[in-house]
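Q: sharing a sequence plus its predicted fold:
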Amino acid sequence: MTNKVKIALLSLGFLGSSAFADYKPHLWGTFGIGMTSNTTHTKTLLPNLLNGDQKDGLTNLSGAGLIRLGLGLDIQKFHAGLFFYLPGNKTKGSTILDFSSATRTNTLNTRVKSDFLGYGGGLRLGYKMDKNLLFASFGALSRLYKTNLNLQTNNLTTGVSTDSDWISEKKNFTAFVPGIGLEYALSPCIVLGMQASVELYASKTIESDGDTAETGLGSSIKVRPRTFSGLLTASYKFNL
């Protein structure tokens with residue numbers, strides 16, 4: 001073996017050993033609490049009551065929780081990880097429209113409400129600065145939403161009142177969830193942090209299955225939720 005070949009092999013060995021000197025795989029579990037701001041954009045089509053459509057933004061604040069399990073890898077100052085998580089927050093909102101005439105009052109109630117718990121997974125990439133980790137996350141999430149469109153009618157002439165659900169359905173909505181965060185290692189195993197994220201849900205159109213004007217024939221709601229979250233987190237790392 002020539003001297004040049006020996007030098008080349010030694011150089012590769014040195015680079016490889018130094019590059020993976022901080023090769024640190026680990027598991028981690030996270031618990032978080034915080035707040036969310038929820039806005040659900042709705043566009044309601046009511047061909048028998050309105051010309052055009054009715055647009056609303058249903059908003060609320062909610063407490064939030066997080067359970068996350070992940071597999072991470074630290075190489076020198078860089079971090080990468082995969083995670084599965086259960087984010088908890090509650091979206092709910094309603095709006096009321098009145099359509100009244102001399103002989104009849106119509107009150108239309110639109111309500112959207114989510115389950116508290118969703119589920120999803122994603123990727124986390126970060127950069128380590130001493131005991132701090134600055135990271136960005138990219139995930140996907142599924143959450144169940146219930147949408148309700150209810151019409152209450154009172155005939156002032158006959159005194160007859162009706163109350164009917166034109167739409168009442170539960171559907172799973174899927175979201176892309178980007179986020180950023182900062183963590184501080186109190187010890188090799190205990191990590192405190194804070195993070196912010198937004199749940200960007202794909203919209204869905206929910207149609208009434210009514211077969212007459214009185215039961216909502218042709219009516220529909222297009223629903224597009226958005227949720228902004230801020231959380232304080234505590235994690236425990238299990239080094240492998």
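A: Here it is on my side, so go on.

Q: what distance do you get for the residue nearest the centre of the chain to residue 111?
A: What sits nearest the mean C-alpha location of the chain, by CA atoms, centre = their mean, is residue 199, with 3.3 Å. Applying CB to CB, to the nearest Å, the value for residue 199 to residue 111 is 20 Å. (Glycine included, C-beta is placed from N, CA and C.)

Q: what mean pLDDT does the helix or strand harbouring the residue nearest to the centre of the chain get?
A: According to DSSP states H and E, residue 199 maps onto strand 190-201. Averaging pLDDT along strand 190-201 gives 96.

Q: try stretch 159-178
A: pLDDT averaged over stretch 159-178 gives 87.

Q: all helices for the chain, in order.
A: 3-19 (DSSP state H).

Q: what's the burial count for residue 129?
A: 10 (other CB atoms under 10 Å).

Q: kindly report the same for residue 42.
A: Neighbour tally, residue 42, other CB under 10 Å: 24.

Q: contact partners for it?
A: Neighbouring residues of residue 42 by CB atoms under 8 Å, 6 or more residues apart in numbering: 55, 56, 57, 58, 95, 110, 112, 221, 222, 223, 224.

Q: what is the burial count for the nearest residue to it once chain neighbours are set aside?
A: The spatially closest residue to residue 42, leaving aside those adjacent along the chain, is residue 56, at 5.0 Å (CB to CB, 6 or more residues apart in numbering). By other CB under 10 Å, the residues close to residue 56 number 17.

Q: okay but residue 56 is in contact with residue 44, surely?
A: Yes - counting by CB atoms under 8 Å, residue 56 touches residue 44, with 7.5 Å between them.

Q: between those two, which contacts overlap?
A: Contacts common to residue 56 and residue 44, judged by CB under 8 Å, 6+ apart, are residue 110.

Q: circling back: output the contacting helices and strands for the strand holding residue 199.
A: strand 132-155, strand 161-185, strand 220-239 (3 or more CB pairs under 8 Å, 6 or more residues apart in numbering; DSSP states H and E).

Q: of the ones you listed, which is nearest residue 26?
A: Residue 26 lies closest to strand 220-239 among these, at 4.8 Å (CB to CB).
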